[in-house]
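A.B. asks: Pasting the sequence and the predicted model now:
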Amino acid sequence: MDDTEAFDEDVRSSGSSSDDGDHIRRGFGEFEFDDDEPLPEIIEEDHAGSEEEIQQHCLELFASNDYIMEPEVFDTIKMYFRAGGMPSKVVELLSDNYTACGQTANILAEWMLNLGLDPEEVMSMIENHLQELIVRHFDPKKADAIFFEGGEAPSWLAEMIEHYPWRRLFYRLSEEYPDCLLLNFTIKLISDAGYQQEITSGITAAQQIEIFSQVIRTHLMKLLTEHEDNQEATLKEFLKLSTYGEHTYLFTQIVLDVLSQEAKGGSSVRRIMQEMEKFALSRGYNVIPISICLDAASETHPREAIALASMMSKNALNPADITVLFNAYNSTSAPPVSLIRRPQLLELLVDLLFTGGSKIQAEHKPKYVYLLAYACGVSESFNTKNRLRKTVNKEDVKQISQAIEKAQTICAGNKAAGELVAEIPELYKCIRYAVVAMGVLKWVESVIFELNYFELNPDPVPVHLVLLDEVANIHPLMHSQILNLYIKVFERTFQELDVLIQLNLKRTVLDRMVHLLSRGHVIPTIRFMKKCADEKTADVSLIRHFVSEVIDIIAPPCSEEFLTLFLPLLENEAITGSLRTEKRDDPISVFLANCRKS
């Protein structure tokens with residue numbers, strides 16, 4: 001017997017009408033009818049009428065495919081018999097229309113298990129197919145009717161949300177049908193059951209304030225307690241969720257504004273508020289009025305708030321508005337520094353001073369420098385009860401202003417690499433201040449991407465990259481931005497350079513990455529190189545160079561996360577095969593042996 005015949009035989013045996021008829025006949029004996037028993041609600045409300053009409057409706061149901069498998073089949077049979085229906089007709093229709101769809105699926109699943117497939121893989125295959133069918137045929141009106149018929153949530157709903165594949169289905173459906181009552185109720189059940197961290201879609205979470213509050217709280221706690229290496233992905237989820245709409249943005253910002261007043265963790269929350277503002281602006285939302293209104297200084301200094309809002313709304317500096325702010329902050333009764341300590345304004349000032357070149361008007365340059373230094377150098381203390389300012393410390397403003405002025409003059413001088421070497425000691429002094437380091441970072445990025453830069457600067461380590469090493473030494477918070485710059489240079493194709501020169505240049509960039517790794521930016525750096533190896537976007541010799549440099553500066557014990565990323569590079573024969581010896585006494589073999597022991 002071939003597979004087709006065996007399949008047909010299994011289906012016939014599992015769907016035999018005589019067996020099902022016997023089962024139904026045996027089941028009829030179990031029915032006990034009570035004349036006072038009410039009709040089932042669906043029949044009583046929608047199909048109450050003559051006995052002939054009830055019989056006809058029941059027969060239509062019996063004639064549908066696999067109706068014997070429906071949970072309400074016995075209620076329908078009772079209804080049919082009470083209306084005077086004949087048992088033989090029930091047996092005939094239920095047997096003839098039994099297609100054994102569920103039983104056939106079970107047989108196929110059992111066959112796959114017998115062939116050696118993993119049970120979880122088979123289960124996943126069935127679940128995914130069922131989910132696609134549900135998504136394709138889902139009717140929100142029929143789903144909502146479940147509430148109106150039963151008056152409460154069906155019992156199977158609580159069982160479904162215990163399993164992630166079905167929760168994932170509800171998330172997907174709720175995005176397509178945000179007004180479905182059943183789906184909204186299910187999402188609330190999921191949130192109440194403690195699965196808020198899975199809800200990352202604004203459409204899903206923003207339908208009900210209770211759900212949105214729980215989800216925001218869960219994501220915020222995760223963001224504040226997670227390790228910095230994993231915060232980037234968590235922050236992206238939080239930003240997408242909180243900026244789903246202007247109403248979600250406003251709600252989240254108000255909550256965060258209250259939390260930012262706390263002594264413990266308040267600065268971290270304020271940083272998240274700033275990231276939210278920046279992300280919302282990138283999505284085209286005009287959130288500047290909201291952000292400024294949340295700042296208490298906007299009430300006491302409306303003129304300065306209007307000047308600030310004008311520039312931020314246009315994302316461009318205006319000499320007239322800058323003058324208003326300069327006069328206010330250069331006076332004895334300056335507004336709170338929080339009004340101008342905004343990422344968007346600081347970025348505009350840094351870009352203009354360090355990459356603006358000839359755009360800077362000489363008479364306004366001192367104003368730009370002073371406002372930038374004031375925003376970065378002033379510290380204030382407030383009364384915790386009434387939030388009134390107690391002290392203002394401006395001691396560092398003068399020194400920061402001088403450092404910005406010196407560094408800006410050097411960067412704007414367009415000096416050749418040889419001339420710039422003489423200025424490095426002075427730049428090193430200025431780079432001690434974070435705002436100057438950020439300006440130098442932006443200036444270096446603008447310079448090295450100029451046409452023919454590396455062709456005109458053939459030094460093994462260009463002086464501009466040396467400056468980035470110093471920034472990495474002093475300012476760990478800029479490590480991710482420095483790595484992003486290195487990645488841009490590494491992935492860029494320099495068509496004007498010879499192939500060997502390009503390889504040498506990329507080795508130089510890899511050396512800078514290794515230095516960054518040695519300063520503590522480990523996981524993101526290793527993750528990038530593993531990505532290059534997996535996707536084969538870099539020459540094997542370059543990855544080999546990186547691995548050999550890293551192995552020289554590390555030693556066990558190492559974190560599990562680091563080993564998960566780095567060991568595949570070490571164990572790759574194409575990468576490290578030429579670096580190993582037969583005696584296994586080379587650094588790579590020794591490192592691998594130590595890792596296996598531990």
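C.D. replies: Perfect, I can see it now.

A.B. asks: Sketch out the low-pLDDT regions of the stretch 51-200 of the chain for me.
C.D. replies: When the per-residue scores of the stretch 51-200 of the chain are filtered using pLDDT under 70, the ranges that remain are 147, 149-152, 197, 200.

A.B. asks: One more pass at 80, please.
C.D. replies: 71, 146-156, 175, 178-179, 184, 191-192, 194-200 (pLDDT under 80).

A.B. asks: can you pull out the helices in it?
C.D. replies: 51-62, 73-82, 87-96, 101-114, 119-137, 140-150, 155-160, 164-176, 181-192 (DSSP state H, counting those that start in this stretch).

A.B. asks: could those helices go into a markdown table alongside distance to residue 244 and mean neighbour count?
C.D. replies: For glycine as for every other residue, the C-beta is placed from the backbone atoms N, C-alpha and C. Output for the helices of the stretch 51-200 of the chain, formatted as a markdown table (distance: least, Cβ to Cβ, whole Å; neighbours: other Cβ atoms under 10 Å):
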| stretch | distance to residue 244 | mean neighbour count |
| --- | --- | --- |
| helix 51-62 | 43 | 16 |
| helix 73-82 | 43 | 19 |
| helix 87-96 | 49 | 17 |
| helix 101-114 | 38 | 14 |
| helix 119-137 | 22 | 12 |
| helix 140-150 | 21 | 13 |
| helix 155-160 | 25 | 12 |
| helix 164-176 | 11 | 17 |
| helix 181-192 | 14 | 20 |
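
A.B. asks: Now distance to residue 464 too, for those, in TSV please.
C.D. replies: Output for the helices of the stretch 51-200 of the chain, formatted as TSV (distance: least, Cβ to Cβ, whole Å):
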stretch	distance to residue 464
helix 51-62	79
helix 73-82	78
helix 87-96	82
helix 101-114	60
helix 119-137	52
helix 140-150	59
helix 155-160	58
helix 164-176	47
helix 181-192	51
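
A.B. asks: Relative to residue 591, which of these is closest?
C.D. replies: With Cβ to Cβ as the criterion, residue 591 lies closest to helix 119-137 of these, at 35.0 Å.

A.B. asks: which residues touch that closest one?
C.D. replies: For helix 119-137, contacts defined as Cβ atoms under 8 Å, 6 or more residues apart in numbering pick out 105, 109, 112-113, 165-166, 168-169, 172-173, 176.

A.B. asks: likewise stretch 367-382?
C.D. replies: 317, 322-323, 325-326, 329-330, 334, 336-337, 340-341, 345-346, 349-350, 352-353, 360, 388-394, 396-401, 404-405, 408, 433-435.

A.B. asks: and the closest residue to residue 369 other than its chain neighbours, backbone torsions?
C.D. replies: Excluding its sequence neighbours, the residue lying closest to residue 369 (Cβ to Cβ, 6 or more residues apart in numbering) is residue 404, at 5.1 Å. When read as degrees, to the nearest 10, the backbone of residue 404 gives phi -60, psi -40.

A.B. asks: Check residue 583 too.
C.D. replies: phi -80, psi -10.

A.B. asks: burial count for it?
C.D. replies: Neighbour count of residue 583, defined by other Cβ atoms under 10 Å: 7.

A.B. asks: cool, and residue 495?
C.D. replies: Neighbour tally, residue 495, other Cβ under 10 Å: 6.

A.B. asks: can you confirm it is in a helix?
C.D. replies: No - using DSSP: H, G, I helix; E, B strand; the rest coil, the secondary structure at residue 495 is coil, not a helix.

A.B. asks: Return the per-residue confidence for it.
C.D. replies: Predicted confidence (pLDDT) at residue 495: the value is 79.

A.B. asks: How about residue 229?
C.D. replies: pLDDT, the model's per-residue confidence, is 66 for residue 229.

A.B. asks: Helix or strand: which one has the residue most central in space within the chain?
C.D. replies: Ranked by distance to the mean C-alpha position of the chain (Cα atoms, centre = their mean), the top residue is residue 237 at 3.3 Å. If you go by DSSP states H and E, residue 237 is part of helix 231-242.

A.B. asks: Show me the contact partners of the host helix or strand of residue 516.
C.D. replies: Secondary-structure assignment from DSSP H and E places residue 516 in helix 499-518. Outside helix 499-518, the residues that touch it by Cβ under 8 Å, 6+ apart are 454, 458, 460-462, 465, 468-469, 472, 479, 482-483, 486, 489-490, 493-494, 497, 525-526, 528-529, 538-539, 541-542, 545-546, 549-550, 553.

A.B. asks: can you give me the strands in the stretch 401-550 of the chain?
C.D. replies: Taking DSSP state E, counting those that start in this stretch, the stretch 401-550 of the chain contains no strands at all.

A.B. asks: mind listing which of the contacts of stretch 367-382 are in helices?
C.D. replies: For the contacts of stretch 367-382, the ones inside helices are 322-323, 325-326, 329, 345-346, 349-350, 352-353, 397-401, 404-405, 408, 434-435, with DSSP state H as the criterion.
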